[in-house]
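A.B. asks: starting from these lines, generate the structure:
(one chain, ligands or ions: 4)
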Amino acid sequence: MQVKGCCPLDCQDSCAWIAHVEGGIVTRIEGAKDHPVTRGVLCTKVKNYEERVTAPGRLLRPLKRTGPKGSGQFEPISWDQALQETANRFQAIIAEHGAEALLPFSYLGTQGVVQRQALYRIFHALGASRQAGGVCAVSAVALLMEGHPIGIDPEETPDAKLVILWGQNVLSTCHHQWHFIAEARKRGAKIIAIDPCVTRTTKQCDMHLAPRPGTDPVLAAAIGRHLLESGRADLELAALWVEDLESYRQAVDPWSFERAAAVTGIPAEQIAALAEAFASAGPALIRAGVAPQQAQNGEDFVRGLSALAILGGHWRQRGGGLSILSFPELYDSRAKRLDLLTGNPRSLDIAKLGEHLELASPPVMGLMVWSANPALTNIDGPRVKRGLMRDDLFTVVIDHFLTDTARHADIVLPATTQFEHVDIQGGWGHHYVMANHPAIPPQGEARSSGAIMRGLAAKLGLDHPAFRESDEEIATSALPEGWKLSDLMEHGWRKSSAPRPAIAALAKKLKITGGAIAAPDRPSTDYLQLLNPKSHYFLNSTFANMPRHQAQQGPPVVTLHSQDAEQRGLTNGLPVTLRSGSAEIRVILAVSDAVRPGVATLEGKWWDGEESSAPMNRLSASRWSPAGQPAYNEVFVTVTAAN
Ligand SMILES: Nc1nc2c(c(=O)[nH]1)N[C@H]1C(S)=C(S)[C@@H](COP(=O)(O)OP(=O)(O)OC[C@H]3O[C@@H](n4cnc5c(=O)[nH]c(N)nc54)[C@H](O)[C@@H]3O)O[C@H]1N2
Ligand SMILES: Nc1nc2c(c(=O)[nH]1)N[C@H]1C(S)=C(S)[C@@H](COP(=O)(O)OP(=O)(O)OC[C@H]3O[C@@H](n4cnc5c(=O)[nH]c(N)nc54)[C@H](O)[C@@H]3O)O[C@H]1N2
Ligand code: SF4
Ligand SMILES: [Mo]
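C.D. replies: Ligands and ions are numbered 1, 2, ... in the order given. The predicted structure is shown next:
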């Protein structure tokens, strides 16, 4: 039997897959050949996703903590007991501290509408604190909210004459997009990468510029200045869209190629070549990644690129513009049922979980986490863990495995995988709404988020019809007007319209200047800036516990430039200690000129407490951009030989 489904992971590509099922077992999966983005291929992370269903450690029964928090000691309990205890504790917390003492926490572990949104219904009805903010691309979302266009239909890419991959490792993080980039190249486009490191992607580009991390706004300013000075800025489009062109002129004025070279570390001739290519391409497409946003100047980065896409006139032509996030038309938030909201509860930014667990008033006393692993992925890991260790905090975690977060829970609930539930999803890299049929029944006692919502609501005595909706009804609530779930399920996907922004006066004009453009402050050269690029084999912390993925990734490794290694008397293969404040991680050193001097990289989000482990957020500190983007990449470490 072949069953149509889609990859639920937090990835731009949202692939369509076919699950091959024999005797109630998924024997293999393959990419759908006729999906215009998937084109028959799944990535190396997901190609044997079926192994996750029966992997050692898969959660198949509800668990209750028996040992101290974080000890990982649990005993199996029934669903009835798990839901009853959760309901009792939630009600006791509400009676003593008020409903705002409850906090839901969920992210993009799955992009499925049902799995992500159904459980919010309960928190809305109870009057719990609302979840706000995000941990990824927060700067881009902030600019989107201001009205900046930041997405194109990737299927337009072949029409671009220049593609700039600005801090995006396409071949590892969204490789299906490469097909469209390669098609543009076939038609004569140049591909330029801007990345402090040599990556799988930069190696395939026509030109690679390696800036010091965080200096991208200065690089963008130098290009913007060139557009204005050489008389090639699209002032007509600026008049229609831009509010602060004069402020922009002043802000970019200091950034000659030479001065930008001194700050970014890129030779002035290379900056000039990039600026000239950008000014003369008709059109240019900038594809920007998430890593350069993971800094306190994240919004300056996105704003600087949006300014370039506008002033370059690139939005005028198919294939041109700025691409960071592209969504189909789907109304995920309708499935959350905001209409059930009781009162006007506070909103807490999930990117500041550690702070909230420590300081919120009223305190957070009850936490439910699903589709996320914040103990590992939230910034300032030690602070998050201190919060999760609080004896007076009641935590429920829903996942497939006993993640670092789940180890800190009082109750752990087993979630169904994508093979075991029905769902639909949008995505953030194309305009298709995707459908997923269950291929096999739920394994063990695993339940979908919808089923958990219905069970917990009954225990809490919530009797609105929204709490009795089936997973199919929950999915239907997110569909655009006139769409039928049955049609979507039958076809497997449906593209929604992907209009380009109109070349007409904007009612609310855009700010392309965020103030003076400057190099970020950096500590002394004793410290290296530690970047945390995505692993080719993990999806954030997902798969970091899977033996096949671990074997392919190899042990955690920090990479230093030969100059930095020599200065510290360190050699290739040596165990080293990375230290930031009082926190440290031990890893193996790789010496390679693939990173620029002053920069160290450590790929992947490793689980804590494993034999070879490198939980990156142990080293990160409570720092965010003004819009709330966690500054994951502003970690400065000393590197010494491990004792
Ligand atoms: N294989 C794999 N794929 C994934 C994921 C994964 O974990 N693994 N995660 C998914 C998620 S959640 C996301 S958000 C996306 C992220 O996708 P990407 O944005 O492509 O991924 P990153 O590895 O975070 O960063 C891309 C590149 O930016 C560079 N970089 C770092 N700092 C700077 C800087 O200051 N300036 C510039 N110009 N470049 C910089 C890094 O060296 C890296 O090569 O990937 C998604 N896809
Ligand atoms: N230091 C550092 N920290 C980072 C980043 C970084 O680059 N460096 N990147 C940041 C970024 S870009 C992102 S997007 C975040 C990602 O942070 P998270 O969203 O926490 O991502 P994951 O670590 O993949 O954890 C997702 C969890 O969801 C679970 N899950 C999957 N499907 C389901 C389901 O159907 N139901 C339930 N209940 N659970 C499910 C998975 O098993 C997994 O444990 O991390 C951020 N943190
Ligand atoms: S992780 Fe991304 S590239 Fe891999 S199968 Fe899923 S959607 Fe496709
Ligand atoms: Mo992300």
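A.B. asks: going forward, measure contacts between C-alpha atoms and count neighbours the same way
C.D. replies: Noted.
A.B. asks: for H35, which residues are in contact?
C.D. replies: By CA atoms under 8 Å, 6 or more residues apart in numbering, the residues touching H35 are C15, A16.
A.B. asks: any residue of stretch 11-26 up close to ligand 3?
C.D. replies: Yes. Using CA under 6 Å from any ligand atom, we find that stretch 11-26 touches ligand 3 at C11, D13, S14, C15.
A.B. asks: go ahead and confirm the third one touches G31.
C.D. replies: In this case it means S14. No. With contacts counted by CA atoms under 8 Å, S14 stays clear of G31, the gap being 10.8 Å.
A.B. asks: between these two, who's got more neighbours?
C.D. replies: Neighbour count, other CA atoms under 10 Å: between S14 and G31, S14 has more, with 27 against 24.
A.B. asks: ok, that one to F301 distance?
C.D. replies: Distance of S14 to F301, given as CA to CA, to the nearest Å: 26 Å.
A.B. asks: can you list the residues of stretch 11-26 next to ligand 3 in JSON lines and add secondary structure and pLDDT?
C.D. replies: JSON lines is the format used below for the residues of stretch 11-26 next to ligand 3 (DSSP: H, G, I helix; E, B strand; the rest coil; pLDDT from 0 to 100):
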{"residue": "C11", "secondary structure": "coil", "pLDDT": "98"}
{"residue": "D13", "secondary structure": "coil", "pLDDT": "98"}
{"residue": "S14", "secondary structure": "coil", "pLDDT": "98"}
{"residue": "C15", "secondary structure": "coil", "pLDDT": "98"}
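A.B. asks: any idea which of these is the one closest to ligand 2?
C.D. replies: C11 (8.7 Å; CA to the nearest ligand atom).
A.B. asks: got a list of what the nearest residue to that closest one once chain neighbours are set aside touches?
C.D. replies: Distances taken as CA to CA, 6 or more residues apart in numbering place C174 nearest to C11, at 6.6 Å, with adjacent residues excluded. Residues near C174 by CA under 8 Å, 6+ apart: C11, Q12, D13.
A.B. asks: now rank those by neighbours and give me the top one.
C.D. replies: Most neighbours among the contacts of C174, by other CA under 10 Å: D13, with 23 neighbours.
A.B. asks: that one contacts G426, doesn't it?
C.D. replies: No. Taking CA under 8 Å as the definition, D13 is not a contact partner of G426, at 10.2 Å.
A.B. asks: look up the pLDDT of the residue nearest to C11 for me, please.
C.D. replies: If you check C174, the pLDDT there is 98.
A.B. asks: next one: H464
C.D. replies: On the pLDDT scale, H464 gets 97.
A.B. asks: next, count neighbours for the closest residue to P615 other than its chain neighbours.
C.D. replies: Spatial nearest neighbour of P615, excluding adjacent residues (CA to CA, 6+ apart): W606 at 5.1 Å. Burial measure for W606: 26 neighbouring residues, criterion other CA under 10 Å.
A.B. asks: was I right about W606 contacting N617?
C.D. replies: No. Using CA under 8 Å as the test, W606 is too far from N617 to be in contact (9.7 Å).
A.B. asks: any idea which strand is longest in this structure?
C.D. replies: Identified as the longest strand of the chain according to DSSP state E is strand 583-591.
A.B. asks: how far out from the middle of the chain is whichever helix or strand comes after it?
C.D. replies: Per DSSP states H and E, the first helix or strand lying C-terminal to strand 583-591 is strand 599-602. When distances are taken as CA atoms, centre = their mean, to the nearest Å, strand 599-602 is centred 20 Å away from the chain's centroid.
A.B. asks: so the helix or strand just after strand 599-602, near ligand 2 or not?
C.D. replies: Downstream of strand 599-602, the first helix or strand assigned by DSSP H and E is strand 636-641. No. Strand 636-641 does not reach ligand 2 (CA under 6 Å from any ligand atom); its nearest approach is 12.2 Å.
A.B. asks: one step back: and of the contacts of C174, the nearest to E469?
C.D. replies: C11 (28.4 Å; CA to CA).
A.B. asks: got the contact list for the closest one?
C.D. replies: By CA under 8 Å, 6+ apart, the contact list for C11 reads T173, C174, G427, W428, G429.
A.B. asks: one more pass at 10 Å, please.
C.D. replies: L108, G109, T110, Q111, T173, C174, H175, G427, W428, G429, L539 (CA atoms under 10 Å, 6 or more residues apart in numbering).
A.B. asks: kindly report the residues of the stretch 151-300 of the chain close to ligand 1.
C.D. replies: So the stretch 151-300 of the chain meets ligand 1 at 166-170, 172-174, 194-197, 199, 213-214, 216, 289-292 (CA under 6 Å from any ligand atom).
A.B. asks: among the residues you listed, which lie within strands?
C.D. replies: W166, I194.
A.B. asks: packing partners for the host helix or strand of A87?
C.D. replies: For A87, the element it lies in under DSSP H and E is helix 79-97. Judged by 3 or more CA pairs under 10 Å, 6 or more residues apart in numbering; DSSP states H and E, helix 79-97 is in contact with strand 63-65, strand 102-106, helix 120-126, strand 366-370, strand 394-399, strand 411-414, helix 449-460.
A.B. asks: just to revisit the earlier point, which residues are in contact with each of W606 and N617?
C.D. replies: The contact lists of W606 and N617 share L376, T377, where a contact means CA under 10 Å, 6+ apart.
A.B. asks: out of the residues of the stretch 151-300 of the chain next to ligand 1, which end up buried?
C.D. replies: The neighbour-count criterion (16 or more other CA atoms under 10 Å) marks 166-170, 172-174, 194-197, 199, 213-214, 216, 289-292 among these as buried.
A.B. asks: within reach of ligand 2, which of the contacts of C11 are there?
C.D. replies: Okay, of the contacts of C11 touching ligand 2 (CA under 6 Å from any ligand atom), that's L108, G109, T110, L539.
A.B. asks: for ligand 3, state which of those residues is nearest.
C.D. replies: L539 (6.9 Å).
A.B. asks: and the chain, what are its domains?
C.D. replies: Per the record, the chain has its domains at 63-135+333-417+441-490, 139-323, 528-641, by automatic domain parsing.
A.B. asks: so where's the chain shaky on pLDDT?
C.D. replies: By pLDDT under 70, the low-scoring segments of the chain are 610-612.
A.B. asks: can we see that at 90?
C.D. replies: Where the chain drops to pLDDT under 90, the residues are 342, 498-499, 608-613, 643.
A.B. asks: interface residues of it facing ligand 2?
C.D. replies: So the chain meets ligand 2 at 107-110, 115, 135-136, 370-374, 377-378, 398-400, 403, 415-417, 532-533, 539-542, 616-617, 632 (CA under 6 Å from any ligand atom).
A.B. asks: so which of those residues reach ligand 3?
C.D. replies: Applying CA under 6 Å from any ligand atom, the subset of these adjacent to ligand 3 is empty.
A.B. asks: so which helix or strand takes in V263?
C.D. replies: helix 257-264.
A.B. asks: apologies, that question was intended for H20.
C.D. replies: Element membership of H20 [criterion: DSSP H and E] is strand 16-22.
A.B. asks: returning to what we had before: ok, then the element right after the helix holding V263?
C.D. replies: From helix 257-264, the next helix or strand downstream (DSSP H and E) is helix 268-280.
A.B. asks: buried stuff in that following helix?
C.D. replies: A268, I271, A272, L274, A275, A277, F278, A279.
A.B. asks: the residue of the stretch 501-643 of the chain found nearest ligand 2: neighbour count?
C.D. replies: Closest to ligand 2 within the stretch 501-643 of the chain is S541: 3.5 Å, counting by CA to the nearest ligand atom. Residues contacting S541 under the criterion other CA under 10 Å number 22.
A.B. asks: contact partners for the residue nearest to it when sequence neighbours are not counted?
C.D. replies: Among residues not flanking S541 along the chain, K605 sits closest, at 4.9 Å (CA to CA, 6+ apart). Shown in contact with K605 (CA under 10 Å, 6+ apart): 376-377, 532-535, 538-544, 556, 613-617.
A.B. asks: let's see which of these end up in helices.
C.D. replies: Counting by DSSP state H, the contacts of K605 place L376, T377 in helices.
A.B. asks: can you say which of the contacts of K605 are buried?
C.D. replies: 376-377, 532-535, 538-544, 556, 613-617.
A.B. asks: cool, thanks, talk later.
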